[in-house]
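Asks: Here's my sequence, what's the structure:
(2 chains)
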Amino acid sequence: MSDDLIEMLWDQFTVETEEHLQAMEPILVDAESEPLGADEIGQLFRSMHSFKGLSKAMNLLSIEAIAHRSEDLLGLIRDEGVEFTPERVSILLDALDALQVLRELAVDTREDGEMPTDLVKRLEKVYNEAKGGSSAPVAEPIPEPIPEPEVVVEEAPVEAEKSDNLPPLHDDDLLEFFDELCQQYNPEIAKLIYKGYDASADGKNIVDAIDGMLQAAGGLEFTNMADTLTELYEILKPDGEIEDDQRDQVFQLLSDYREMLDVVVSSSSINGYVGAFKDDTEKLDIDKDLLETTNDLESLSKLLTGSHIDNNVRKVVHYCKAINARFTIAAPHQPLAPIYLLEDVFSRIQDKEFSLHEKLVEISVTAVDITHKIVLGFIDKTSYVDIGLINEHIETFQKIITHELSAEAGDDEDHHEFLENYGIKPHFMELLTAVNIHDLRKSIDEGNDVYEIVADLDGDMTVTQAFVGWMQENGQSITSRTVFDGDEKTKFDFLYVSSLSPADAKKQIEDITADKSLLALTSIHDGASEEVVAPVASEKVEESVKTAATEEKEVVAPSVEAKKPAEKAKPSKAKTNTTIRVESETLDRFMNQLGELVLARGMLTHAILGLDIQESFNAVNGFVGELDKNNESANGQSLDVVKKALTVLESQQDLIRQADLQIQTVLERLQEDALSLRVVPISTVFNRLPRVVRDLSVAQGKKVKLEMVGKEVRIDKGMVDMLVDPMIHMVRNSVDHGVELPEDRIKSNKSENAIVTISAKQQGDRVRIDIIDDGAGIDHQRVLDKAVSRGLLSERESQNINAHQALQYIFSPGLSTAEKVTETSGRGVGMDVVKNTIIQLGGEVSVASTVGEGSQMNIVLPLTAAIQTTLMMEINNQRVAIPDRNVEEVFEVAESEIQSVKGRRAILLRNSFLPIVHLSDILGFPRNQEERKNTPIAVIKNEEFRIGVEVDVLLHREELFLKDIHPDLAALPGVGGVSICGDGSVILVLDTDQLFELAAKFHEGDYLKMQKSQQNTDGLVAV
Amino acid sequence: MTVKVLIIDDSVMMQMIVSEIVKSDSALEVIGTADNGMDGIEKVRALKPDVVLLDIEMPVMNGLDCMKRLKLESKAKVIILSSVAQVGSAQAIEARQLGAADVIAKPSGAVSLDLSAKKGHVITQAVKNVAGV
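Replies: Next up is the predicted model:
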């Protein structure tokens, strides 16, 4: 085993054991106060189990011994229902401590520590008691040798155990999983039902799906189903091709399979995705219908060509009707026009309107042939019928019929005139065929009424069907046309004859259409048109049209999809969280390089698109233009070359500009994603705290309940490590200094159980963490006295300070208000370190407290440390940046508006004085002496103060990637970090909190008295 | 044709050790690793291994539940590789009932011992046995 691998294993051991320790600790601490759920016990068990396995792999037998025995005890608790008593919790906490120590030793030295025999014995004792007083040894005696033959490959044949005839292991989970597989595979299998499915494209998938379900059915011991699927598999393998003569068998097997699935579904709660077959099984019937249609067509063809056609006219009509009916079921939207015509012709022959002759028979046979082709094309979806051919045929057919009709029924023109006079509108007249005219005339002669009905049939399918049904039942549609209204909506305009009176027709149609699809019904009579149903109010029409349009989408979509069952029911992948571990170092490197990339892109942008280059272009262009104008081109040819080169350069620049924009977009996305890589739940930090609280409160005899809120809030991974110590320190402080002893609490009328609440919440791009206790609170006067006695401020200054400001002195070095020094706190180191750390993280910390009621520490942190939005500004020709989150607003003021308040510069901003200070002054830069009319001012603020900062020029906002700062630079007052700008120049990023201090110091001797940001109306201001 | 092996274990360290052992035999090939049973099923579906080396104690979905599902899903042979599944333990028997082709203990002393020579062969041999090599 290579050294590299061993190194990697140790690294991994370090990471994983740390994770398990962190997972276990808070649960065990919780276990002391409240009963654990099964999940938590399971987690404890697993972590301890893993700990054991990991240490065993690394030959760390002391760790393994503890983990092993702890795992055994947890096993009893998890599996045998043994109670998790405080004693058991307590010994497991001890075990955890020991594991922690031994692990650290192992990580540092790669050596196994000394076997903690005492602890192991105690664990064994507790285990044995838990087991029921049995004195049998728990695990192998210690020290545990690694017995070579311990690992035995079980040679026992699998079959032997399988034949035990144990009941098959069915459980709901497993059925659910079966269901998932059904969902995945059945839509694929259902494709088989299509006769025309494409074996080359789908075949392999179908075979795989059958194989998958076969495996599943076998696994659940659904023997019949497995057998059926095996048969199917045998027929279809390897690529899903089916011979024609196997088709029936395949259908039979499929329908058997479906029935078996039905049985499973009906006897369980699963769905089985039988639905994938449902629609398609109807398709199976359709196939039958189509098949019969072709049979009928063949019979029809025989009839027509047979010698007894004269006697079989009725039969022909019957066949035509049957064929039309069948085909309508199979393909509702594809009328078999030739057969309709055929039916019409033969009905007329039957009615003796005209007689059958050879030419008519001939064309009828062609009609049947064409229909045959259409149907066949529909069945296998491969061959298409030439629409032109069909239309041509229909035309011929109609001509013959027209000819027949006019021959039979006399003068065509005569009718024409009659109808025009009757009131039939020209738009219909031009549509009317001889047949139509014949029918219409006949209908009018029979005393029927004529209507023009304009209807929107694209909406609700049921309404449409009902309407069409009504039309068929109550009269005859002579002809129809489509009309477009302004809404790109197609409507149908019918010329309709009916025996119904206009009033009845109106009422019936209204009943059917419920105002929705019907727009108007006009009665035509003797040269007059009379509107019967008023058009729906136009607004409503529009609405109904819109509704219809949306409905149409809804209706159309599934019908399209129904043709592709595979797409319709694509298995929704079970969502699992797959994670990979990435070393944080790798991640950091990645982030750094991304940062470099951002910088490099900035430089590129600057280099290519900067003013310099633009100016150069302009200069050259101007020069060339000049030469051109003056005709100085002794050398005209080379001038052209220069011009050409310029054009090329400019167009290349354009390309680069586009590419640059694209890079920018991608980089932004990349940055966003990269930032999300860096964030982890704050629970990583919080989980360390319960143990701290528990240990300390036990040691001090206090009763503390720890509540944690917002564990899921995410923070930058880089902050976690730095945040742990400050958090622990503050929580300790709360318990140590804040929380009173139970008896004292009772005296102060408080519950003897103190509550420490730690909450995190995200506020915009910041995270706020509060540590709140309901303890004794902090006496600000004592803090202030202490601060004065330490010389942190003068007696006089202390009198001008409010309680809140005074409290903040607890973050000053060397200040501890605890009256006695305890083990954990009170040495006066800590809170200042806490503050420094938080500031390093780009955050802020403050404290609030009410004596007798409790204290509240408040930390605000940026979400991410590395990239910050800043406001760029310029002083003395040097660009500097201030974190944008500290900038409240920017504006310019005239010099005349700047006033002097107690000798300090200030401006009146919305009825409140805002102290202002020049950035050059406080940073110690020389002042730029240029005269300006207006002074740009940025208002900066922190939790406590706000001031206006004068600068020379306010530039713009920019995202800066903060680099690690050189220690020498860091020592500069006011500088929080550096960044490198697009042009390669270094930008100083200022630290707002330090700026406030600098501003205060700038007016030496007179301590900062700035208004609090909350109290803008104070009016009293001094800087 | 090498035997394709998938390793399902919640510990990356264990994945590394077992991978190393399996890879030491040229007849075997590690085609992937998974962190828990659920992940394992996905990987089995995607990678179609011949043999699955499966841990028992795992978060999200444990090894036995994973086995039940794998049985519905794949023809891959499953070898239980877990210290829980000591020979003859209840879990070993259940694993056998569920159709585990073999039940072996996890390696120990990985660093101090030369695994591929001593303990490793137990695993590689078991994989080859069930794969019929």
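Asks: Pull the contacting residues for residue A:369.
Replies: residue A:301 (Cβ atoms under 8 Å, 6 or more residues apart in numbering or on different chains). For every residue, glycine as well, the C-beta is placed using N, CA and C.
Asks: how much space is there between it and chain B?
Replies: 51 Å (Cβ to the nearest Cβ, to the nearest Å).
Asks: Whichever strand or helix holds that residue: which residues count as buried?
Replies: Using DSSP states H and E, residue A:369 maps to helix A:358-380. For helix A:358-380, a neighbour-count test (16 or more other Cβ atoms under 10 Å in any protein chain shown) marks A:360, A:363-368, A:370-376, A:378-379 as buried.
Asks: What is the most widely separated pair among those?
Replies: Farthest pair in these (Cβ to Cβ) is A:360 and A:379. Separation: 28.7 Å.
Asks: mean confidence for the one helix or strand residue A:807 maps to?
Replies: Here residue A:807 sits within helix A:803-807, counting by DSSP H and E. Averaging pLDDT along helix A:803-807 yields 86.
Asks: Repeat that for stretch A:20-28.
Replies: 85.
Asks: and that stretch, is it in reach of chain B?
Replies: No. Stretch A:20-28 stays clear of chain B (Cβ under 8 Å from any Cβ of the partner chain), getting no nearer than 9.3 Å.
Asks: Contacts only, for the residue most central in space within chain B.
Replies: The centroid of chain B falls nearest to residue B:53 when counting by Cα atoms, centre = their mean (0.9 Å). Going by Cβ under 8 Å, 6+ apart, residue B:53 touches B:5, B:6, B:7, B:8, B:9, B:18, B:22, B:79, B:81, B:123, B:127.
Asks: The first one - that's part of a strand, no?
Replies: Just to be clear, that refers to residue B:5. Yes. Going by DSSP: H, G, I helix; E, B strand; the rest coil, the assignment for residue B:5 places it inside a strand.
Asks: Show me the beta-bridge partners of it.
Replies: Residue B:5 has these beta-bridge partners by DSSP bridges: residue B:30, residue B:51.
Asks: Test for you: state the pLDDT assigned to it.
Replies: 93.
Asks: Could you double-check that it sits in contact with residue B:29?
Replies: Yes. Counting by Cβ atoms under 8 Å, residue B:5 touches residue B:29, with 6.5 Å between them.
Asks: Compare those two and say which is more crowded by neighbours.
Replies: Remark: of residue B:5 and residue B:29, residue B:5 carries more neighbours, 29 against 15, as counted by other Cβ atoms under 10 Å in any protein chain shown.
Asks: gap between the residue nearest to the centre of chain B and residue B:22?
Replies: 7 Å (Cβ to Cβ, to the nearest Å).
Asks: Give the residues shared as contacts by the two.
Replies: Counting by Cβ under 8 Å, 6+ apart, the residues touching both residue B:53 and residue B:22 are B:5, B:7, B:123, B:127.
Asks: Name all residues that make contact with the second one.
Replies: Residue B:7 makes contacts with B:15, B:18, B:19, B:22, B:30, B:32, B:33, B:34, B:52, B:53, as judged by Cβ under 8 Å, 6+ apart.
Asks: Please list the members of these that lie in strands.
Replies: Among these, the members falling in strands are B:30, B:32, B:33, B:34, B:52, B:53 (criterion: DSSP state E).
Asks: coming back round to it: chain center to the helix holding residue A:369, what's the gap?
Replies: 54 Å (Cα atoms, centre = their mean, to the nearest Å).
Asks: could you give the mean pLDDT of it?
Replies: 75.
Asks: and the helix or strand of chain B with the lowest mean pLDDT, what does it pack onto?
Replies: Lowest on mean pLDDT, DSSP states H and E among the helices and strands of chain B sits helix B:90-97, with a mean of 76. For helix B:90-97, the packing partners by 3 or more Cβ pairs under 8 Å, 6 or more residues apart in numbering or on different chains; DSSP states H and E come out as helix A:158-162, helix B:63-73, strand B:102-104.
Asks: Residue A:271 is nearest to which of the ones you listed?
Replies: Comparing the helices and strands packed on helix B:90-97 by Cβ to Cβ, helix B:63-73 comes nearest, at 16.0 Å.
Asks: Contacts for the closest one, please.
Replies: Outside helix B:63-73, the residues that reach it (Cβ under 8 Å, 6+ apart) are A:169, A:171, A:173-174, A:177-178, A:181, A:212, A:215-216, A:219-220, B:8, B:36-38, B:40-41, B:44-45, B:52, B:54-58, B:76, B:78, B:80, B:82, B:91, B:94-95, B:98-100.
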